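[1] kindly return the folded structure for what I paste below:
(2 chains)
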2 protein chains.
Amino acid sequence: MNYPSRLIEDAVSEISRLPGIGKKTALRLALHLLKREEAQTLSLSEALVNMRTKTTYCRKCHNIADDILCNICGNFKRDQTIICVVVDTRDVLAIEATSQYRGLYHVLGGIISPLEGIGPADLKIDSLLARVDPEGSEETDKVQEIILALSPTMEGDTTAFYLQKKLKPTGVKVSTIARGVPIGGDLEYADEITLGRSIVSRVAYD
Amino acid sequence: MNYPSRLIEDAVSEISRLPGIGKKTALRLALHLLKREEAQTLSLSEALVNMRTKTTYCRKCHNIADDILCNICGNFKRDQTIICVVVDTRDVLAIEATSQYRGLYHVLGGIISPLEGIGPADLKIDSLLARVDPEGSEETDKVQEIILALSPTMEGDTTAFYLQKKLKPTGVKVSTIARGVPIGGDLEYADEITLGRSIVSRVAYD
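    Here you go, the predicted structure:
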């Protein structure tokens, strides 16, 4: 395509490197920015650079952070005795959006997947064990429970199994998020495996 | 939502101001950039700022340009005797993508729309007339034809009608892009107005 301006061509080509954004969408976004105030483009650009260059990882939970500790680990109002283990930041945000959890997190940074060559050593597992069983210290806020919030896939189950085995010697309580038919879902459309498991793992009314 | 980092929150909020991009997509894009090389974010950001701050409008056709003239007006291999009138840069790019047109353009910058309060004076119509009928100069490349490439909507038809009236005294040939059933489209699914017009404006085989 003959772009009228090389600067637009450059911008379109950079925008279209983002996932799920093709040349047409990129052009639409570029023309949108051209129509708006210059300040909008400048603040977008500054926010992107600041995010990329100034964020770091939380020393405690390995989540993305602005400082040594992320906003969640740094919030002492949260329950320090319970840790929810997730794969990445997106999972943290998904759980935070539910407003149902007030404990801390631990971001593994991946999932055990022999096919992709990712083994336990590539994940933040040692630091999880260290959080559960701090050496030689009598902490007041000792971790009481680990919730494994991993996807119900083969990789997720493998990782959960590995973590359970590793956590067993520490004596901490280990749980997993419930699996079953999704709320609002029609039983008719639930797949057999999910429906089967939801019968096996049925919950008694109190 | 509790973002783990204020810098990410800022970036997500800036990205989601773009049209068609919600908070979830914005977060996905932000996390994607965080995973990639820092250089990608820096060059994206630089390309956006350069595009916004350094582009200007072509003195001749009002298309977006890097310099006084856009790449198309500045290309003297193009046919200088024919001008295609369009609404905005997107239309120029759509026509350029067809590789069927080798003349110049004229970007109106909008379309006559009484409902939105856009009148002829808000569009680049005077400069179009000036290009067709340059005062007191005997140009070698005098404009021979004006093609109106406006959308077949009420606003487009109104604008086309107005331009025809204005261009009539100059004696230049004025044409419009063909309207009819789209190529590859099934007759059965063409709307009545389009199909009716395509019969009225039928084209004889040579």
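
[2] and the residue lying closest to residue A:103 once chain neighbours are set aside, helix, strand or coil?
    Once flanking residues are discounted, residue A:103 sits nearest to residue A:82: 3.4 Å by Cβ to Cβ, 6 or more residues apart in numbering or on different chains. Yep, even glycine has a C-beta here, placed from its N, CA and C like the rest. Secondary structure state of residue A:82, per DSSP: H, G, I helix; E, B strand; the rest coil, is strand.

[3] who does residue A:82 form a beta bridge with?
    With DSSP bridges as the criterion, residue A:82 is bridged to residue A:145.

[4] was I right to think it contacts residue A:143?
    Yes. Using Cβ atoms under 8 Å, residue A:82 is in contact with residue A:143, at 7.1 Å.

[5] pLDDT score for the residue nearest to residue A:103?
    On the pLDDT scale, residue A:82 is placed at 93.

[6] and residue A:67, by the same measure?
    Residue-level pLDDT assigned to residue A:67 equals 88.

[7] tell me how far it lies from residue A:101.
    For residue A:67, the distance to residue A:101 equals 22 Å [Cβ to Cβ, to the nearest Å].

[8] also residue A:62?
    Noted for residue A:62: a distance of 17 Å to residue A:101, by Cβ to Cβ.

[9] give me the more crowded residue out of these two.
    It is residue A:62, of residue A:62 and residue A:101, that has more neighbours when counted by other Cβ atoms under 10 Å in any protein chain shown, with 21 against 16.

[10] check contacts around the more buried one.
    Shown in contact with residue A:62 (Cβ atoms under 8 Å, 6 or more residues apart in numbering or on different chains): A:106, A:107, A:108, A:109, A:124, A:127.

[11] and the helix or strand hosting residue A:104, what does it pack against?
    Per DSSP states H and E: residue A:104 is located in strand A:103-107. Here strand A:103-107 is seen to pack against strand A:79-86, helix A:89-98, helix A:126-132 when contacts are counted using 3 or more Cβ pairs under 8 Å, 6 or more residues apart in numbering or on different chains; DSSP states H and E.

[12] cutoff 6 Å now
    When contacts are defined as 3 or more Cβ pairs under 6 Å, 6 or more residues apart in numbering or on different chains; DSSP states H and E, strand A:103-107 packs onto strand A:79-86.

[13] just the buried residues of the strand it packs on, please?
    A:80, A:82, A:83, A:84, A:85, A:86 (16 or more other Cβ atoms under 10 Å in any protein chain shown).

[14] ok, residue A:80 to residue A:105 distance?
    Residue A:80 is 12 Å from residue A:105, where distance means Cβ to Cβ.

[15] meant to ask about residue A:146
    Separation of residue A:146 from residue A:105 (Cβ to Cβ): 11 Å.

[16] now do residue A:70
    For residue A:70 relative to residue A:105 (Cβ to Cβ), the value is 8 Å.

[17] any idea how far stretch A:165-185 is from the chain center?
    Stretch A:165-185 has its C-alpha centroid displaced from the chain centroid by 17 Å (Cα atoms, centre = their mean, to the nearest Å).

[18] give me the contact list for it.
    Contact with stretch A:165-185 is made by A:132-133, A:143, A:145-149, A:152, A:164, A:190, A:197-198, as judged by Cβ atoms under 6 Å, 6 or more residues apart in numbering or on different chains.

[19] from those residues, which is closest to residue B:29?
    For those, the closest approach to residue B:29 (Cβ to Cβ) belongs to residue A:149, at 23.7 Å.

[20] my guess is the closest one contacts residue A:84. True?
    Yes. Using Cβ atoms under 6 Å, residue A:149 makes contact with residue A:84 at a distance of 5.3 Å.

[21] in chain A, which spans are helices?
    Taking DSSP state H to define them, one finds helices in chain A at A:6-15, A:23-35, A:38-54, A:89-98, A:126-132, A:154-167, A:192-200.

[22] hmm, back to that, can you flag the buried ones in the contacts of residue A:62?
    Neighbour-count burial (16+ other Cβ under 10 Å) applied to the contacts of residue A:62 gives A:106, A:107, A:108, A:109, A:124.

[23] would you turn those into a markdown table with pLDDT and distance to residue A:173?
    Converted to a markdown table, the buried ones among the contacts of residue A:62 look like this (pLDDT from 0 to 100; distance: Cβ to Cβ, whole Å):
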| residue | pLDDT | distance to residue A:173 |
| --- | --- | --- |
| A:106 | 95 | 15 |
| A:107 | 95 | 21 |
| A:108 | 94 | 19 |
| A:109 | 90 | 24 |
| A:124 | 93 | 20 |
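
[24] may I ask which two of those residues are separated the most?
    Greatest spacing in the buried ones among the contacts of residue A:62, by Cβ to Cβ: A:106 and A:109 (9.9 Å).

[25] still on that earlier bit, the contacts of stretch A:165-185, buried ones only, as a PyMOL selection?
    To isolate the buried members of the contacts of stretch A:165-185 in PyMOL, using 16+ other Cβ under 10 Å:
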select buried, chain A and resi 132+143+146+147+148+149+198
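
[26] closest one of the contacts of stretch A:165-185 to chain B?
    residue A:149 (15.4 Å; Cβ to the nearest Cβ).

[27] that closest one: what's it in contact with?
    By Cβ under 6 Å, 6+ apart, the contact list for residue A:149 reads A:84, A:86, A:177.

[28] any chance of those residues in a markdown table, plus distance to residue A:39?
    Shown next, in a markdown table, are the contacts of residue A:149 (distance: Cβ to Cβ, whole Å):
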| residue | distance to residue A:39 |
| --- | --- |
| A:84 | 39 |
| A:86 | 37 |
| A:177 | 43 |
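
[29] chain B: which of those is nearest?
    The closest of those, once distances to chain B are taken by Cβ to the nearest Cβ, is residue A:86, at 11.5 Å.

[30] show me the shaky parts of chain A.
    A:1-2, A:134-141 (pLDDT under 70).

[31] chain B: which of the contacts of residue A:62 is nearest?
    For those, the minimum distance to chain B (Cβ to the nearest Cβ) is 8.9 Å, reached by residue A:107.
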